[in-house]
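A.B. asks: Turn this into a structure:
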Amino acid sequence: GSSWNNCDFETNLCKVLPEFNLQPGWVRRNGQSGMGPPYFDHNGNESAYFLSLSSEMQSSSAVLRTNVFLPTDEEHLCQVRFHYWVSQKSGTLMVGLQKHSEDTVTNIWQVSGELRNQWNIKTITINSTEKYEV
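C.D. replies: This next block holds a predicted model:
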């Protein structure tokens, strides 16, 4: 069977993202925060929370790292599904995979440019024979 860990950022971060402070550059906010678009979440809710890059971060990169996931097998694939918004002035959103035997993060998906200024959804299927982080 499948089990989903849903994360809506309404009360805090979520089980998938470690509970300590956000990496520098990320803020938890909603559409009423006065920080500019988006002014609503993917459901059109102005008061619902999401994570956003702060405007001071335009020149550099900011990372979100998940907790450790267990190895996958034929019965247990891992799917990561997320909503994302790319604005006119933002750079590239990348999803990376770090297996625990490797020092480097492997880029498994990225988006930049197209479908700007609207909410999009992406599902990534991950296969790993060892523990990993995304």
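
A.B. asks: Give the residue spans of this protein that score low on pLDDT.
C.D. replies: 1-3, 19-22, 57-59, 89-90, 114-115 (pLDDT under 70).

A.B. asks: ok, 80 please
C.D. replies: The chain contains residues with pLDDT under 80 at 1-7, 11-24, 54-61, 75-76, 87-91, 113-116.

A.B. asks: residue contacts, Pro38?
C.D. replies: Gly31, Phe50, Trp85, Trp119 (Cβ atoms under 8 Å, 6 or more residues apart in numbering). Just so you know, the C-beta spots here come from the backbone N, C-alpha and C atoms, and that holds for glycine as well.

A.B. asks: Sorry, slip of the keys, the one I care about is Leu93.
C.D. replies: Tyr84, Val86, Gln110, Val111, Ser112.

A.B. asks: can we see that at 10 Å?
C.D. replies: Leu53, Phe82, Tyr84, Trp85, Val86, Trp109, Gln110, Val111, Ser112, Asn120, Lys122 (Cβ atoms under 10 Å, 6 or more residues apart in numbering).

A.B. asks: The second one reaches Thr123, doesn't it?
C.D. replies: Put plainly, it is Phe82. Yes: look at Phe82 against Thr123 with Cβ atoms under 10 Å: they come within range, at 8.3 Å.

A.B. asks: ok, back up a step: any quick PyMOL command for the buried ones out of the contacts of Leu93?
C.D. replies: Here is the PyMOL command that selects the buried residues among the contacts of Leu93 (16 or more other Cβ atoms under 10 Å):
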select buried, resi 53+85+86
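
A.B. asks: could the contacts of Leu93 go into TSV alongside secondary structure?
C.D. replies: TSV is the format used below for the contacts of Leu93 (DSSP: H, G, I helix; E, B strand; the rest coil):
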residue	secondary structure
Leu53	strand
Phe82	strand
Tyr84	strand
Trp85	strand
Val86	coil
Trp109	strand
Gln110	strand
Val111	strand
Ser112	coil
Asn120	strand
Lys122	strand
